[in-house]
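A.B. asks: following is a predicted model, sequence given first.
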Amino acid sequence: MKSYINKFRLDGKVACVLGGVGLIGSEITKALSDAGAKTLILDVNEKEGIKLVKEINNDQNDAEFMYFNVTDLEKITEDLNQINEKFNQIDIFINCSYPRTEDWEKCTFKQITLDSFRKNVDLHMNSYVWSAREAAELMSKQDNGGSIVLLGSTYRVLEGRKARNQVN
């Protein structure tokens, strides 16, 4: 029987996981590292990021943490250029971040104000599109291109709903 597992190896690849500390992001980060990629955990949660790096590197994998605030659109280009300069490539860019305002999880859908809704749509859409655009720009200059994956999830919605239902 033919084995396909080697086709999924990522040795020599640099993978960036934006939102890499979150529930979904941390599992993606571990999987990419297990597959051999140099994995960069990009997140605003430095404490959990450093903890995750230790866990991954204890398994003889190669991960680093970098503070990355996806809501600071002006800095995205600078941060991605810094990564590209340090590693000479970005082969995989996965965005599973969940940018949001502080009030977003504190109220029910019915309680969300129009202003809050607009700010959150702006944070989500602009950060996803702009970060993907900037990653694509860098990848287009590489001989081997790259892969961009943007994830959306209802996990946080369901998690918040479950928590509110337990309180009510």
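C.D. replies: Done, it's in. Keep in mind that what you see is a predicted model, and the values were worked out from it rather than measured.

A.B. asks: helix or strand next in line after the strand or helix carrying residue 39, which one?
C.D. replies: Assessed by DSSP states H and E, residue 39 sits inside strand 38-43. Sequence-wise, the next helix or strand downstream of strand 38-43 (DSSP H and E) is helix 46-58.

A.B. asks: tell me the mean pLDDT over that next one?
C.D. replies: Throughout helix 46-58, pLDDT has a mean value of 96.

A.B. asks: and the strand holding residue 39 with helix 46-58, angle?
C.D. replies: 160 degrees (axes from the mean of the first three to the mean of the last three Cα atoms, to 10 degrees).

A.B. asks: list the neighbouring strands of strand 38-43 plus their orientation.
C.D. replies: According to DSSP bridges, strand 38-43 forms sheet pairs with strand 14-18 (parallel), strand 63-67 (parallel).

A.B. asks: where do the helices sit along this structure?
C.D. replies: Assigned by DSSP state H, the chain shows helices spanning 23-34, 46-58, 73-87, 114-140, 155-167.

A.B. asks: let me see the contact set for the residue most central in space within the chain.
C.D. replies: Centroid-nearest residue in the chain, with Cα atoms, centre = their mean: residue 18, separated by 1.9 Å. Taking Cβ atoms under 8 Å, 6 or more residues apart in numbering, we find residue 18 in contact with 25, 42, 43, 68, 70, 93, 94, 95, 96, 97, 131. C-beta here means a position set from N, CA and C on the backbone, and glycine is covered the same way.

A.B. asks: closest to residue 106 out of those?
C.D. replies: Of all the contacts of residue 18, residue 97 has the smallest distance to residue 106: 19.4 Å, by Cβ to Cβ.
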